[in-house]
Structures are given as structure tokens and as C-alpha cells.
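Enquirer: Sharing a model prediction with you, sequence too.
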Amino acid sequence: MKKMLISCLLLMNSFMLSGLETMHRDSLIRLLPKVKEDTNGVQLYINLGQLYETNEPEVAKYYYRKAGTLSQKIKFPRGVIQYINNYTYLLNMQGLYDSSLTLNLQGVEIARETKDSLNLAKTLFNAGTSYRCLEEYENAVKYYEEGEKLFEKYGNEQIEAQCCDVLQVLYFDLKNYPEAIALGEKAVSASRRLNDSSLLGTALNNLGISYASVDKFDRATEVFSEALIIGKNIGDKYIEASQYLNLGDISIKTLEYEYLRMYMDSALILARELNSSETELIAIKGLSIYYTYKRDYRRAEEYGKEALMLSYRHDYKNQRVKVFTQLSNLAYAKQDMQLGENYSNKSAMLEDSILNERIQKNTLEFEKKYASEKKQHQIDHLEVEKLGQELRIHHKDLWNNILAGSSFTLLLVILLSYRNYKQKQRIQQRRIVELETEKQLEATEAVLKGEEQERTRLAKDLHDGLGGMLSGIKYSFTTMKQNLIMTPENQQAFERSMDMLDSSMKEMRRVAHNMMPEALVRFGLDTALKDFCNDINQSGGLKVNYQSFGLDGVTIDQTISITLYRIVQELLNNTMKHAKAKSAIVQVTKSNNQLSVTVEDDGKGFDIGILKVNTGIGWKNIQNRVEFLKGKLNITSKAGEGTSVLIELNT
């Protein structure tokens, strides 16, 4: 259910002063009025933060920030690193992974500058953990490997136990569960020998999640229960909340719902105390599942909608997929088939969107890396040539000084050579600028091509795969109907199901058509735009007048056609969403080697100056596509006078 500690484990470094570690919280607080601006003062703030972090995280963060500020003031690098390690632990527990990564990378740089190998190893592991939480596994592995090599020099069993636990989490994320379990058992065994309750609780939590992933639910329940006892004994509410969620997850997977409410209520109370929004969301979703099982559909729906609201408020997309699934199951349980199908479609579409974003991100990073390395090689080659020429001119200048008075002719030759060198230098500089521009264009091209390829693949999968399956199901149902004798009520339910199946097939075809219109591939840009405008007219949302000139019998390159189609699609979508327009005109003109596209509307218009300081994703996509086609883009708009967009390019 909630793999909270899996996402948050960090290695802490310790330079505790004698006697302070075991002192009571009140005793430390009484020392605050006498605190001095030295390393002892830094350690006092760190110790206070550690006493509060398991039950009052915001108070702990306050003391850690005080330690960091004082360390910077007295120029104490180890204190800054300790502040970062402790503070980012709490940031990770609260799901603030970007902020955690920024601070951990600062810790790595400080450790490198001070040549502190032990702290460097710890900060490398912590940065690797931040990267792993952000699912940037290539960077995570790189930092873990460098940190592990440094740790091997120390032979410290506590550090080795922590390393095993951290690497267990990495292998879990990479779905190598046998290796994750082996490392987790090693970490648990070492923690028991060290009698380190905090480390043992964390390792047990992570090991239990690995067991659950391979359906070893009895073993998972055993280690979760032990971790829960440890969390209560040491007062660590993070460990305690995590175990309630984990035990609740086991209850759901094994269909043993009787204890689910107790687990989720306990987790919810702790989540709100710790200000952990994701833990709160998952606990509320678990309560919705419990009340669905109890057939208390009103309360189940209340908890489900509250969980959905939290997923939007904090932008937890992965959790929103699971909430949509729960709401779909609830609707089906209430016999509301249409609502259940609606939530099920939302869950599937959001899951596909998340996967598509991840694929596009990885593809773009690969393309950019490849193109950047290629262009950088060319730039480096030109720079070497430029340096060689500078060395040659230096030698020429030296000989010119020696032979300056010997001959006017020789001086003239030298001046001409110098001018020739300057001219070459300017040419090379222009070439470097051109290569930089070309590198940016290639990166844009890679993004656009990847996007269209993914659209085409998804459209084909929907149409050929899902479409065929739905048609087969409809045929089977029709055949089945002929061989069955049904009551009027069953007949009505059967017909309603057939209608829902037809609606699903129509919606599937509409989505596939939007991703890659068949008319665009088969008949070209003119027909595709005409069909798109007619579809908008039929929807009643906007009256669109489509006009084309000079396109009869003209074949336009498919890349240009697809790009222009997407631009017009984005412009008309913006018009319908924002312009409050009643009508619009789309005009495509081909004259000689020039192609122009005009989109005008009679909407409310806007101040185009805002585009210079606040461009949305849609407008940025339009600009990138026009730049990719090496075209010109001109937009005219005023408040109350509508908007006109003109795109011109050479073909």
C-alpha cells in the first residue's frame, strides 16, 4: 500500500558530543539560552532536531535549519553536511524529492571540496536515493556505485547494513525482487547484531514490502508486525504509520478485510500529525475499500472522492490511477455500470498518459544526448582548428617583428595573411553558431517525431487491437442472444449493455482518429483539415469555415502535413477553450513554393504581450513546430477584436 520508508532512507553522519546523545529533550532545551556560535551550538540544534523528527517534523526542520545557518556563519562544512543529511530525510518523508535532491547535491560538492571521503560516501548515497525517488535510475546507480567504493575502505558494519538496505530498495524499484530480498535479509541480520532499533525498523519495513511483491504474505505480515512494535517502542511515527498501511495492503491482497478499518484509521491519524499528504490519501482510499466491502456505499463514496481531491491537490498521478480504479469498483458494486465504465476509462487513460510521459522523457533524453554529443564533437574539432590557427599567427607575428624593417613587401604579405586568418575565424565562428542552432533543431525534431510515432502506434493499437476485440465481443454477444431465452428485464439489460459496447467502440474510434486521422495519411492535409473542421461544426461548440486555395492535385510532404495539422488542431482547441468565439476561419493557401495557413476567430482576443513572459505548453508547442518547419509565425490580437494567426513557410 504505502512504501514510505522505501522512498526515504538516507545515511546520516554523526559527530555527537560526549554525553549529549542520551540527554533528555527538556535538558537540551534549557541549554538554548546559553548556546554559543560554535560547533557545540551546531550539534545542540542537530540533537534537538533528531529528538523531534519522528513525531513533530516541522519543529525538527526548524532546528535543522538553525544548525545549517550557524554552520555557514562559522564556516563549519561538516555541520552544513549534517544539516543537509538530516533535513533531506524529512523532505523525503514528506515527498519533496526535488528539494531533497538539490540539497543533497550541494552536500556532495561540499564533501568533495573538503576532501572528506566518509561524508562524501554518505552524501553520494543520499543523492543517489533522491535520484531513485525521482525514478532517474541511471543517475541513482552512478552515485550509489561511487559511494559504495568509498565505503568499502572503512569496514564499518553499521554503514554496511545501511548500504545493504539502500541497495535493497534500488533493486526493488528495478523489480529484481530476489536480489532485493537477499540484501534486505542481510541488512536485517546486521541491524540485529548492532542492536540498532531504528535501522532494524527501516530494514524490516523494506524487506516486508519485498516479500509482499513475491506473494510471501505470511513472511511480510511477520516482519511488518515486528517493525510496528519497534516503531511504537522508539516513538517513530513514520515507521508506525508505514506499517499500518503495509498491513492494510496485505489485508486487501489476501481479501481479509476485517482489520482493514483499524489499520487505515490508525494510519490516517498519524499521517495528519506528520503532515504526510500521500500517506493520508492512501489511508482514505483504504477506508473507501473497506466500506465498499461492508456495502456502506455512501461512506465508501465519500472517502473515495476525498482521496481523489487530495490526488489533484498534491498532483499524485500514480495514486489518482488507483483512486479511479477504486471508484470504478464502487460504481460497479452499486450496479451503476456507466459510471463504473467512466472511472475505469479515466484510470486507463491516466495510466497510459503517465507511461507515455515516461517513454517520451526517456526517448527525448536519449535523442538529445546523442545529438548533443555529435554536435559537441564537431564544435570541439572546430575549436582545435581555431586554436591551431591562433598558434600559427602567434609565430607569424614573432617573425614579423624580427623582419619588420627588411621589406615592405614582406609586411604586405603578413597583413594579407592576417586578414585571411580573421576572415577564416569569422567563418568558423558562424559555423559554430550554425551547429548550435542545428543541434537545437535536431532536438526539437526528435521530440516531434517521437510524439507522432507514439501517436501513430497508440492509434494503431487502439484501432487494430482494442477495436477488433470489441467487435469480436459484440459479435459473440449477438450470437449468444439468438441462442438464449431471456426475461424482459434481462432483455432490457442486455440491450443496454450492447448500447454501452457500441458507445465504447465509437469512443475508441474517436480517440484513435484524433491521435492520427486516417484522412491525413490517405488523402493528405487538405482533406484532413476539412474533415477536422466539419467535426467541430457538428459538435456545435464553434462554427468553423474552412477554405483552401491552390491545393488541388498538390502533394505536400507528410512531415509538413502532420505538423501543420497539429498546429491547426492546437489553435482551434485554444479558440474553443479560451476565446469564447462563435465562429472561426481556417484558410490554407499554396502559391508557387510558399504555403501559408491562417486561423482567425471573432472571440474576446487578448494582449499578445503576455506571450513573451508567460507562454503555456500549447503555445510553446506551436512555436516549436513552426521553428521545426523553418517557417514564420505572426499573431495579431486585441481585447474584444478576436485573434488572427498567420503561418508562412517555403516548401
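Expert: Perfect, I can see it now. Everything quoted here is computed from the prediction, not taken from an experiment.

Enquirer: quick one, what contacts the closest residue to Cys133 other than its chain neighbours?
Expert: Among residues not flanking Cys133 along the chain, Tyr97 sits closest, at 4.3 Å (CB to CB, 6 or more residues apart in numbering). Every residue, glycine included, has its C-beta placed from N, CA and C. Going by CB atoms under 8 Å, 6 or more residues apart in numbering, Tyr97 touches 7, 91, 130, 133-134.

Enquirer: With Ser100 instead?
Expert: For Ser100, the contact set (CB under 8 Å, 6+ apart) comprises 88, 91-92, 130, 133.

Enquirer: most neighbours, which of the residues you listed?
Expert: Thr88 (28 neighbours; other CB atoms under 10 Å).

Enquirer: Quick check: which element contains it?
Expert: helix 77-93 (DSSP states H and E).

Enquirer: Which elements pack onto that helix?
Expert: Applying 3 or more CB pairs under 8 Å, 6 or more residues apart in numbering; DSSP states H and E, one finds that helix 77-93 contacts helix 39-52, helix 57-73, helix 97-114, helix 117-133.

Enquirer: helices or strands next to the last one in the packing?
Expert: What that stands for is helix 117-133. Where contact means 3+ CB pairs under 8 Å, 6+ apart, helix 117-133 is packed against helix 77-93, helix 97-114, helix 137-151, helix 157-173.

Enquirer: just the first one next, same as before
Expert: Under the contact definition 3+ CB pairs under 8 Å, 6+ apart, helix 39-52 sits against helix 25-31, helix 57-73, helix 77-93.

Enquirer: which residues touch Tyr312?
Expert: Counted by CB under 8 Å, 6+ apart, Tyr312 has contacts Arg320.

Enquirer: Next secondary structure after the helix or strand containing it?
Expert: Applying DSSP H and E as the criterion places Tyr312 in helix 297-313. Proceeding N to C from helix 297-313, the next assigned helix or strand is helix 317-333, under DSSP H and E.

Enquirer: any idea of the angle that next one forms with helix 297-313?
Expert: 160 degrees (axes from the mean of the first three to the mean of the last three CA atoms, to 10 degrees).

Enquirer: Can you tell me what sits against helix 317-333?
Expert: Applying CB under 8 Å, 6+ apart, the external contacts of helix 317-333 come out as 278, 281-282, 285, 288-289, 292, 295, 297, 300-301, 304-305, 307-308, 311-312, 337, 339-344, 346-347, 350-351, 353-354.

Enquirer: Go through that helix and flag the buried ones.
Expert: 319-332 (16 or more other CB atoms under 10 Å).

Enquirer: mean confidence for that helix?
Expert: Mean pLDDT, helix 317-333: 91.

Enquirer: and that helix, how far out from the chain's middle?
Expert: Centroid separation for helix 317-333 versus its chain: 21 Å, with CA atoms, centre = their mean, to the nearest Å.

Enquirer: cool, and stretch 560-571?
Expert: In terms of CA atoms, centre = their mean, the centre of stretch 560-571 is found 27 Å from the chain centre.

Enquirer: next one: stretch 208-219
Expert: The answer for stretch 208-219 is 28 Å, by CA atoms, centre = their mean.

Enquirer: cool, and stretch 37-44?
Expert: Counting by CA atoms, centre = their mean, stretch 37-44 is centred 39 Å from the centre of its parent chain.

Enquirer: Repeat that for stretch 541-551.
Expert: That offset, for stretch 541-551, works out to 38 Å (CA atoms, centre = their mean).

Enquirer: Give me the buried stretch members for it, please.
Expert: Within stretch 541-551, the residues that count as buried by 16+ other CB under 10 Å are 542, 544, 546, 548, 551.

Enquirer: taking the residues you listed one by one, which sit in strands?
Expert: Counting by DSSP state E, the part of the buried residues of stretch 541-551 found in strands is 544, 546, 548.

Enquirer: which one is the first one nearest to, not counting chain neighbours?
Expert: The reference is to Val544. Nearest to Val544 is Cys533, by CB to CB, 6+ apart, at 4.2 Å.

Enquirer: mind listing what that neighbour touches?
Expert: Cys533 sits in contact with 544-546, 572, 586, where contact means CB under 8 Å, 6+ apart.

Enquirer: Help me confirm that Ile536 comes into contact with Asn545.
Expert: No: Ile536 lies out of contact with Asn545 (CB atoms under 8 Å); the separation is 10.8 Å.

Enquirer: mind checking pLDDT for Asn342?
Expert: Note for Asn342: predicted pLDDT of 92.

Enquirer: which SSE is Gly248 in?
Expert: Residue-wise, Gly248 maps onto helix 237-253 under DSSP H and E.

Enquirer: Helices of the stretch 151-300 of the chain, residue ranges please.
Expert: 157-173, 177-194, 197-213, 217-234, 237-253, 260-274, 277-293, 297-313 (DSSP state H, counting those that start in this stretch).

Enquirer: actually the stretch 551-651 of the chain, sorry about that
Expert: Under the criterion DSSP H, counting those that start in this stretch, helices of the stretch 551-651 of the chain are mapped to 558-574, 617-628.

Enquirer: Which of those helices comes out lowest on mean pLDDT?
Expert: helix 617-628 (a mean of 80).

Enquirer: Can you give me the buried ones in that helix?
Expert: Across helix 617-628, burial judged by 16+ other CB under 10 Å covers 619, 621-622, 624-626, 628.

Enquirer: do the same with stretch 636-649
Expert: Across stretch 636-649, burial judged by 16+ other CB under 10 Å covers 637, 642-643, 645, 647-649.

Enquirer: ok, now how distant is the nearest residue to Ser213 once chain neighbours are set aside from Ile209?
Expert: Spatial nearest neighbour of Ser213, excluding adjacent residues (CB to CB, 6+ apart): Tyr177 at 5.2 Å. Tyr177 sits at a distance of 10 Å from Ile209 (criterion: CB to CB, to the nearest Å).

Enquirer: Those two: who's more crowded?
Expert: Each of Tyr177 and Ile209 has its neighbours counted (other CB under 10 Å); Ile209 has more, 27 against 18.

Enquirer: how close does that one get to Asn329?
Expert: 23 Å.

Enquirer: circling back: the residue nearest to Ser213 contacts Val214, correct?
Expert: Yes: Tyr177 is in contact with Val214 according to CB under 8 Å; the separation is 5.1 Å.

Enquirer: Next, count neighbours for Lys153.
Expert: Lys153, neighbours per other CB under 10 Å, totals 10.

Enquirer: residue contacts, it?
Expert: Contact partners of Lys153, counting by CB under 8 Å, 6+ apart, are Ser117.

Enquirer: Give the burial count for the closest residue in space to His314 that isn't next to it in sequence, as a bare number.
Expert: Using CB to CB, 6+ apart and skipping residues adjacent in sequence, the residue nearest His314 is Ser277, 4.9 Å away. A count of nearby residues for Ser277, using other CB under 10 Å, gives 18.
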